[in-house]
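Engineer: Kindly generate the corresponding structure for this input.
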Amino acid sequence: MKKYLLAGSALALIATSAPAFAQDAADEGGVGAEIIVTAQKREENLQDVPLAVSVIGGEAIANSGAVTLENAQYLVPSLNFRKSGTTLNQALFLRGVGTINFSIAAEPSVAAVLDGVVLSRAGEGFTDLADVERIEVLRGPQGTLFGKNASAGVVSIVTKRPSDSLEGSVEASYFTKEEYRGRATINLPLGENIRSRFTGYYSEYDGNIRNITLDRKVNGYKHYGFRGAIEADLGDTVTLLLRGDWRKAKDDCCAEIIGTTPTNAAATALAATGIDGDRTRRIAQNLVTATNEESWGISLQADIELGEHVLTSITSYRGWDNQEIRDGDWLDRPYVGLNQLHDDGPQTSNTFSQELRIASPTGNFLEYVLGAYYSKADSDRTFARSVITCSASTLPAVAPGLTPCSTAPGVSTITTPYGIADFGSVFKNFAVFGQATLNLSDDIRFIGGLRWTQDKLNIYHIRRTTLAGPGVGGSFDSGVYNNGALVPPPGTGFLAGAPNGIPFTANTKNDNVSGKAAVQVDLSDNNMAYLSYTRGYKGPAYNVFYNMATVHTNVIEPETVNAFEAGLKNSFLDGALIVNLAAYYAKYKNYQANSPDFVNGVRTTRLINAGTVSTQGFELELVANPASNFSVNAGLAYNKARVEEFKLPPGADASQLIPKGTPLANAPEWKFATGFDWNIETGGFANIEVNGQLSMQSDQIYELSPSAAVRRGSTVDGYAIVDLSAALVDPNDGWRVAFQVKNLFDTSFASSIVSGGPGGSFRYIIPREADRYFGITARINFGAN
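Structural biologist: Take a look at the predicted model:
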């Protein structure tokens, strides 16, 4: 696979370029058009920013058929997406670093930002990509200007702002395997200095997996929502921008298929699913794993000109409710010796944030951005686990060694352990920050920045059970653990191990100073080199989840990183060819990661300080616009992410030690993406647009385990997928009809493989993109061109 990737990248260097932004360059002025980003909290030409930044333009997002950020990983080689059964547990990874958030009291390492608002949890950023201007992917630690949740990088979604013209569009799509999408946008001037923009959308999909027990498809979705913006100029010096969005999602996703044969009687129970690794498309489960989600937010941005300075204030309040429903036994019913385990875990979250910053004018000897930031994020969850255990049954065996059980009286010898836990967290984050650029000469600049951050984290947890049993555990409250102590405080009257109904609580606080230093040198008018050092930081955490036990009550220490990056940004042929290179090395201490664990007889994962890990590699991006109607693009990433020194968590033994040099999970060594966009002017009633995209990656481990066998079993083999589309386009941009084929060669792959299935089997998640499908999209535009 590595040879395959290297050969493909060598071919791409001849005439291709970075998938991130080629299409917008062609759309917004053709050859030499500037790409404007806000990676340093001010608008700048991408080629002038001394950072490794990828930009996915709005047209590239639309042409790729992307629904959420999950699809962005096929366009940006350094970005990976960890798919899971619910958006609560999904995560973004950059350069092999990220955090899977099973805990309610842990934050991601890759910050998701929506229109300048840092989202508390990555899952909030997995919204539908409707009316998006661009997505900026900032690779490497970004703690100086973004701070919160940015020790590995930032993925920033920027939606379109209102304009002064009356215009809009209506779009409808149909994809095979019963997927429908629709959206409408209107840009509406409300007065001489007031303008607005509103978008509504709806989409649904039956799914790509057949549940033979319930005779229906699963792993589909139903999404609908809207976003709106009103912008007003108050005189010549003040601009106010009010944004709001609301989204409802009902996903029967993501059911985990059993992709390898169990070693116990579950193999017989699952035989009808046709167990065949990542080619399995059937499950046999009596509960539909699902996510019900509602999110909304409102923000007010004020930009005030104070002489030559600009003062910016962003005030935001967001709500996010998420219910996880999960089949945790992966079988159609309970059997003798095979328990049934079902989970139901609704969670509510809300976040208030305020950012205030001032930016100096550019072009002076000293340029700077100074600011302050505050956020408070509250999350509460009620999680119920229902278990049926069966030791004997009068029902006839359905196969040798496989006897079903029933809850009917007198039919089977069963117990029904049940537990319910209430737990939550409150994150408070306050920071002051600044970054300055010294223009030492016309060609040499020094950039320095500092951020002081204070994190406060409070948690609570209480679990009540009707009966102890596998997967349920005993009660957990301060009568048992006394805020971490194993014996009650003197004089309380409580006995060790006796619950008293008072929640376990804990809190922690941490201050940190992070920052960066960089040198930027213009080698010529169109060629720039930079060298940077960044100190990154992510705050403390707790491992708070349903099965929390004494061993999980310790503080997860803050994650820090020392990162070095060198880069070249080059423009040739008056901007018709862009070649950007970046090389990096980063070492993370107290890396916050999940490792396999067994709690109350159930396989789970445990958030720990995994010790010291490193990531190093290089990235190449190219953009070529050989003609005004043709662009090609490519990106190549090599990343070596490894364990340097593993730190055993509390209560673990030496068998859980992960050897030095073990590859990190969710970090393929090689990824490559290339695409092209060709607009053929026919002179007739319609022009023709042809687009293509190739995405490739090498083998990828999904589970950071001490067991070499588990690492092998959770490895996705390298794969390549090809997407093509052709469109008829009105020369006056009044309408567009596009035909797409996704995964042209029908390449099957898994988006996740983890251990812990019945009988030692592995659980796979199969994404929509793992099968070939076709689609048609029609759009009508009205108003100004």
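
Engineer: In contact with the residue most central in space within the chain, which residues?
Structural biologist: Closest to where the C-alpha atoms of the chain average out (CA atoms, centre = their mean) is residue 92, at 3.3 Å. Residue 92 makes contact with 69, 79, 80, 81, 82, 98, 108, 110, 112, 122, 125, 155, according to CB atoms under 8 Å, 6 or more residues apart in numbering. Just so you know, the C-beta spots here come from the backbone N, C-alpha and C atoms, and that holds for glycine as well.

Engineer: So it, which state does it fall into?
Structural biologist: strand (DSSP: H, G, I helix; E, B strand; the rest coil).

Engineer: ok, for it, nearest residue in space, not its chain neighbours?
Structural biologist: Nearest non-adjacent residue to residue 92, counting by CB to CB, 6 or more residues apart in numbering: residue 110, 4.1 Å away.

Engineer: That neighbour is in contact with residue 91, isn't it?
Structural biologist: Yes - assessed by CB atoms under 8 Å, residue 110 is found in contact with residue 91 at 7.4 Å.

Engineer: hmm, back to that, just give me the neighbour total for the residue nearest to residue 92.
Structural biologist: Per other CB atoms under 10 Å, the neighbour tally for residue 110 reads 28.

Engineer: In the sheet, which residues pair with it? Tell me.
Structural biologist: In this entry, residue 110 is beta-bridged to residue 153, by DSSP bridges.

Engineer: In this protein, what helix or strand scores lowest on average pLDDT?
Structural biologist: Here the helix or strand of the chain ranked lowest by mean pLDDT, DSSP states H and E is helix 2-15, holding a mean of 36.

Engineer: rewinding a little: where do the contact lists of residue 110 and residue 91 overlap?
Structural biologist: By CB under 8 Å, 6+ apart, the residues touching both residue 110 and residue 91 are 98, 122.

Engineer: where along the stretch 501-650 of the chain do the strands fall?
Structural biologist: 504-524, 527-538, 541-542, 555-556, 559-572, 577-589, 592-599, 602-609, 611-627, 630-646 (DSSP state E, counting those that start in this stretch).

Engineer: Name every strand pairing with the fourth one and say which way it goes.
Structural biologist: Strand pairing for strand 555-556, determined by DSSP bridges: strand 541-542 (antiparallel).

Engineer: Distance from the chain centre to the partner strand, please.
Structural biologist: Chain-centre distance of strand 541-542: 20 Å, with CA atoms, centre = their mean, to the nearest Å.

Engineer: With stretch 373-390 instead?
Structural biologist: Using CA atoms, centre = their mean, the offset of stretch 373-390 from its chain centre is 20 Å.

Engineer: Not counting sequence-adjacent ones, nearest residue to residue 53?
Structural biologist: Distances taken as CB to CB, 6+ apart put residue 39 closest to residue 53, at 5.0 Å, once the chain neighbours are dropped.

Engineer: Read off the pLDDT value for the one you found.
Structural biologist: The model reports residue 39 with a pLDDT of 76.

Engineer: give me the number of residues near it?
Structural biologist: For residue 39, using other CB under 10 Å, the count is 22.

Engineer: got it, and residue 712?
Structural biologist: By other CB under 10 Å, the residues close to residue 712 number 11.

Engineer: Where does it sit, in terms of helix or strand?
Structural biologist: helix 708-713 (DSSP states H and E).
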